[in-house]
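Asker: Sharing a model that was predicted from the sequence below.
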Amino acid sequence: MTGELSPIDKAKFVAAKRAAEFVEDGMRVGLGTGSTAAWLVRCLGEKVREEGMRFRGVPTSTRTAELAREVGIEVITLDEARWLDITIDGADEFDAELNLIKGGGGALLQEKIVATASDQMVVIADAAKEVGSLGAFPLPVEVIPFGWTASQALIEEALVSMDVMGRKTTLRMDGDKAYVTDEGNHILDLHLSRIGNPRELALVLNQVPGVVENGLFIDICDRVVIGYGDGRVETRDINAGTVEEETMDFVESDNLFRDV
Ligand SMILES: O=C[C@H](O)[C@H](O)[C@H](O)COP(=O)(O)O
């Protein structure tokens, strides 16, 4: 089964597998969304089934909730958990300070709430997600459907005064309809090329009426686990200033690798 994995999937898998080792019995764990986070959920499900590990997971989307239940993880809400020991999630981009762009999969709102309600946030990613400056990936901004074009116009106006290269904004589509998030909102993708001051942009965007949240995660991520297609993983801890490297293996049960 593992031979069928592409190098990028192997990279995501080994990062997820390494990060799964941070989860301990009894923890309350935020479970991210996306293809990398899905590997994490599968790895954690394997620990529950094979090792009898007990922990409770707070998913950041209906997709992740379904997968978590399917692999045997006990799912609770953030309100039931109240506070989390750790959140592990993917990212669309991360920089040297571990600031992130998230929301490529539309789950940024729940992801940011869950990550900031956690003692620590760990990002799992393949090496291609690392950038010198954030912004090549379109920045998702979640807006309420009412008057979204007015919000869009105000965002574009705000961008004029910011240190950004592009100013184009597009409504995310799902076929011929506007994409709808788990919270019933829409997403505007901001095509900026490069974000000079992500901290300021995050604050400015959230001032716009109709904006619910933006995909810039500033000072939220504590560690990043970077996976490579040959099984190597690098773990960077921004607080401790440490970098650890190791190599993971791909020997896993068929169950883990089935298409879920
Ligand atoms: O809304 C989606 C999330 O922010 C994802 O974590 C992010 O888009 C990365 O997804 P993937 O692991 O599939 O690249």
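Answerer: Yes, it's here.
Asker: Residue 111 is in contact with residue 31, isn't it?
Answerer: No: using Cβ atoms under 8 Å, residue 111 is not in contact with residue 31; the gap is 9.9 Å. Just so you know, the C-beta spots here come from the backbone N, C-alpha and C atoms, and that holds for glycine as well.
Asker: out of those two, which sits in the busier spot?
Answerer: Taking other Cβ atoms under 10 Å, residue 111 and residue 31 do not tie; residue 111 has more neighbours (32 against 27).
Asker: Which residue is the nearest non-sequential neighbour of the more buried one?
Answerer: Excluding its sequence neighbours, the residue lying closest to residue 111 (Cβ to Cβ, 6 or more residues apart in numbering) is residue 60, at 4.5 Å.
Asker: and for residue 111 and residue 31, which residues touch both?
Answerer: 60, 89 (Cβ atoms under 8 Å, 6 or more residues apart in numbering).
Asker: For the residue of the stretch 151-260 of the chain found nearest the ligand, grab the count of nearby residues.
Answerer: Residue of the stretch 151-260 of the chain nearest the ligand, by Cβ to the nearest ligand atom: residue 215 (6.9 Å). Residue 215 has 30 neighbours, counted by other Cβ under 10 Å.
Asker: ok, now the one 10 residues further on?
Answerer: Applying other Cβ under 10 Å, we find 25 residues neighbouring residue 225.
Asker: surely residue 12 meets residue 127?
Answerer: No: contact between residue 12 and residue 127 fails when scored by Cβ under 8 Å: they sit 10.6 Å apart.
Asker: neighbour-wise, which of the two wins?
Answerer: residue 12 (26 against 14).
Asker: any idea of the pLDDT on the more buried one?
Answerer: We have a pLDDT of 97 for residue 12.
Asker: what's the helix or strand for it?
Answerer: Element membership of residue 12, judged by DSSP states H and E, is helix 7-20.
Asker: Identify the contacts common to residue 12 and residue 127.
Answerer: Joint contacts of residue 12 and residue 127 (Cβ under 8 Å, 6+ apart) are residue 227.
Asker: circling back: identify the residue nearest the residue of the stretch 151-260 of the chain closest to the ligand in space, chain neighbours excluded?
Answerer: Nearest non-adjacent residue to residue 215 (Cβ to Cβ, 6+ apart): residue 103, at 3.5 Å.
Asker: Tell me how many other residues surround that neighbour.
Answerer: Residue 103: 30 neighbours (other Cβ under 10 Å).
Asker: dump the residue contacts of it.
Answerer: Residue 103 sits in contact with 92, 111, 139-140, 142, 187, 214-215, where contact means Cβ under 8 Å, 6+ apart.
Asker: so where's the protein uncertain?
Answerer: The chain contains residues with pLDDT under 70 at 1-3, 163, 251-260.
Asker: now the angle from the longest helix belonging to it to helix 7-20?
Answerer: Secondary structure assigned by DSSP state H gives helix 35-51 as the longest helix of the chain. Helix 35-51 runs at 50 degrees relative to helix 7-20, counting by axes from the mean of the first three to the mean of the last three Cα atoms, to 10 degrees.
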